[in-house]
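I would like to see how this sequence folds:
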Amino acid sequence: MSIANQAENGLNAATLSFHHAGLEEGFQITGATDVVLANIISDVLCIYTDNLLAAVRPGGVLVVNRAMAGDKIADPAVRDPETTAMRTLVSAFREDERFTSALLPIGGGLLVASTRRE
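Below you'll find the predicted structure:
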């Protein structure tokens, strides 16, 4: 989809690159990037939070899919491992002064975190 959108919008292929990889392989492909899309389970996200933070360059954006844990994240009585892990991740970005973040109720929820420029 991204590569097709690049062509449709006439974006210069020399200025954009797309990588589709497993998590650990993805961290080795390149340095910090403009946009990181994370579509992985919450407990794995929590293990790799520091790697995700480092993967986004200053001024870049991290997008995490399913961030509302099936709409359970807002209910403090729900304490299953997935929901607890996602709450931890969302809180980590909210409290980290390097990021401005928002939790959007789109689909399963999107955590969008933009890094502040240095």
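
Only C-alpha atoms from now on, for both contacts and neighbour counts.
Noted.

now the strands: where do they sit in this structure?
Remark: strands assigned in the chain by DSSP state E are 33-38, 56-65, 99-104, 110-115.

Turn those into JSON lines, including distance to Leu16 and mean pLDDT.
Below are those laid out as JSON lines (distance: least, Cα to Cα, whole Å; pLDDT from 0 to 100):
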{"stretch": "strand 33-38", "distance to Leu16": "10", "mean pLDDT": "82"}
{"stretch": "strand 56-65", "distance to Leu16": "14", "mean pLDDT": "88"}
{"stretch": "strand 99-104", "distance to Leu16": "23", "mean pLDDT": "91"}
{"stretch": "strand 110-115", "distance to Leu16": "19", "mean pLDDT": "91"}
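
Just name the most buried of those strands.
For the strands of the chain, the largest average neighbour count (mean count of other Cα atoms under 10 Å) is found in strand 110-115, namely a mean of 22.

quick revisit: quick one: closest of the strands of the chain to Val44.
Closest to Val44 of these, according to Cα to Cα: strand 33-38, at 10.5 Å.

quick revisit: so can I have a markdown table of the strands of the chain showing distance to Met86?
As requested, the strands of the chain are exported to a markdown table (distance: least, Cα to Cα, whole Å):
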| stretch | distance to Met86 |
| --- | --- |
| strand 33-38 | 13 |
| strand 56-65 | 10 |
| strand 99-104 | 11 |
| strand 110-115 | 10 |
